[in-house]
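*Asks:* next input, structure requested:
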Amino acid sequence: MSVEPRVILVVDDESFNCELVARTLREHTVVSTQDAKEALEKFDSIAPAIVLTDYRMPSVTGIEFIRSLRSRGFLLPVLLVTAFPDLEDVVRGKRELGFTIITKPWKPDEFRRHVEHALKLSKLQAQVRELKHTIR
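*Replies:* Next up is the predicted model:
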């Protein structure tokens, strides 16, 4: 069975946060953008295994970005990074859209565990898609 590339898309309006994630996950290919609209436009060409998005961004919230992904049929694992994990919108969005919340400030080891779990889930999803394609 083939394995999809382990590309991680990071969407955060703060370049420092994008760089911090890339350094923390240096064993993976990290593609960063500071604009959610740009991330959606480039999504197919990036073909990420998972997405990490900030909650508070100037143009859209992380929840709105995840909603856009889901409405386009992208069901890959998403990690929402926020300093506001108890906001009603975040909690409701988690139930509705199915994503993992990582609170700021995060610890590198804990952050990596969340990412590795999401990557394993992505790999399983890819294997299921491949098996469904094989039996058709």
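
*Asks:* now the longest helix along the chain: buried residues?
*Replies:* Secondary structure of the chain per DSSP state H: the longest helix is helix 108-135. Across helix 108-135, burial judged by 16 or more other C-beta atoms under 10 Å covers 111, 114-115, 118-119, 122, 126. C-betas here are computed from N, CA, C, even on glycine.

*Asks:* list the contacts for the nearest residue to residue 117 once chain neighbours are set aside?
*Replies:* Spatial nearest neighbour of residue 117, excluding adjacent residues (C-beta to C-beta, 6 or more residues apart in numbering): residue 100 at 7.8 Å. By C-beta atoms under 8 Å, 6 or more residues apart in numbering, the contact list for residue 100 reads 77-80, 114, 117-118.

*Asks:* wait, residue 33 sits on residue 11?
*Replies:* Yes: in terms of C-beta atoms under 8 Å, residue 33 counts as a neighbour of residue 11; the distance is 5.7 Å.

*Asks:* now for those two: what residues contact both?
*Replies:* Common contact partners of residue 33 and residue 11 (C-beta under 8 Å, 6+ apart): residue 39.

*Asks:* these two: who's more crowded?
*Replies:* Shown here are residue 33 and residue 11; by other C-beta atoms under 10 Å, residue 11 has more neighbours (27 against 20).

*Asks:* for the more buried one, which residues count as its bridge partners?
*Replies:* Counting by DSSP bridges, residue 11 forms beta bridges with residue 33, residue 53.

*Asks:* was I right to think it contacts residue 56?
*Replies:* No: assessed by C-beta under 8 Å, residue 11 is found out of contact with residue 56, at 11.8 Å.

*Asks:* the most centrally placed residue in the chain: what's it in contact with?
*Replies:* Taking C-alpha atoms, centre = their mean, the centroid of the chain lies closest to residue 51, which sits 1.6 Å from it. Counting by C-beta under 8 Å, 6+ apart, residue 51 makes contact with 8-11, 39, 66, 69, 76-79.

*Asks:* tell me the secondary structure for it?
*Replies:* strand (DSSP: H, G, I helix; E, B strand; the rest coil).

*Asks:* how about residue 18?
*Replies:* Quick answer, by three-state DSSP: residue 18 is helix.
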